[in-house]
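Participant: Turn this into a structure:
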Amino acid sequence: MNFLIFGVVLVGALCILNLILTVGVIARLREHTDLLSNRGEAPIIGIGEQVGEFETATVDGEPLRTDLLADETLVAFFSPTCAPCQAKLPKFVEHARATAAGTPRPVAVVVGAPEEATEFVAALRPVSRVVLDGTDGTMAAAFQAHAFPTLVKVGPGKGNSVVVKTNRVDLEQPARTAA
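Facilitator: Below you'll find the model as predicted:
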């Protein structure tokens, strides 16, 4: 009889230990799920945050500075070495092509070596102002861009500043088209 009582107590203690460990594992999995789900969506710069100062030129020689970004200008960062960028490029081109007349042309920033970027520049040039930014380029630094592809809409803030209006741009939504 003592063996039976000891066995039941031992099984009960093991069940309680198993329950405690399971609850710990579930809590840890929730933390990891939150970290992983935020990883792909982490904005480069928050809504309302000021864009850093930059001065550069497009591949066509057009000057581009922070203060030249008008209302609701779409700014996209691509890297020719990332697979998600290659997948998102055609959607961005289609979205930019459908942008209404009278709205500012989007700015596409290709971050990487010039010899790797020729395909991206050729696809983006007809529909946007293209900037070829080195891996430590001024625009990537101004927008705190560390992950690609990244798309934001910027506009005027207080004074002469430019701030992020939207840091989650859905390319599946049609752009405003000319009426």
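Participant: Quick check: bridge partners of the spatially most central residue of the chain?
Facilitator: Nearest residue to the geometric centre of the chain (Cα atoms, centre = their mean): residue 150, 3.0 Å. Judged by DSSP bridges, the bridge partners of residue 150 are residue 77.
Participant: Might you list the low-confidence residue ranges for this structure?
Facilitator: Along the chain, the parts satisfying pLDDT under 70 run over 35-44, 70, 100-102, 135-136, 173-179.
Participant: could you redo the last one with a cut-off of 80?
Facilitator: 33-45, 70-71, 99-103, 134-137, 159-160, 167-179 (pLDDT under 80).
Participant: Could I get the full set of helices for it?
Facilitator: Using DSSP state H, the helices of the chain run over 2-39, 83-97, 114-124, 138-142.
Participant: got JSON lines for these, with mean neighbour count and distance to residue 64 too?
Facilitator: C-beta: built from backbone N, CA, C; applies to glycine. Formatted as JSON lines, the helices of the chain follow (neighbours: other Cβ atoms under 10 Å; distance: least, Cβ to Cβ, whole Å):
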{"stretch": "helix 2-39", "mean neighbour count": "10", "distance to residue 64": "30"}
{"stretch": "helix 83-97", "mean neighbour count": "16", "distance to residue 64": "16"}
{"stretch": "helix 114-124", "mean neighbour count": "15", "distance to residue 64": "14"}
{"stretch": "helix 138-142", "mean neighbour count": "20", "distance to residue 64": "8"}
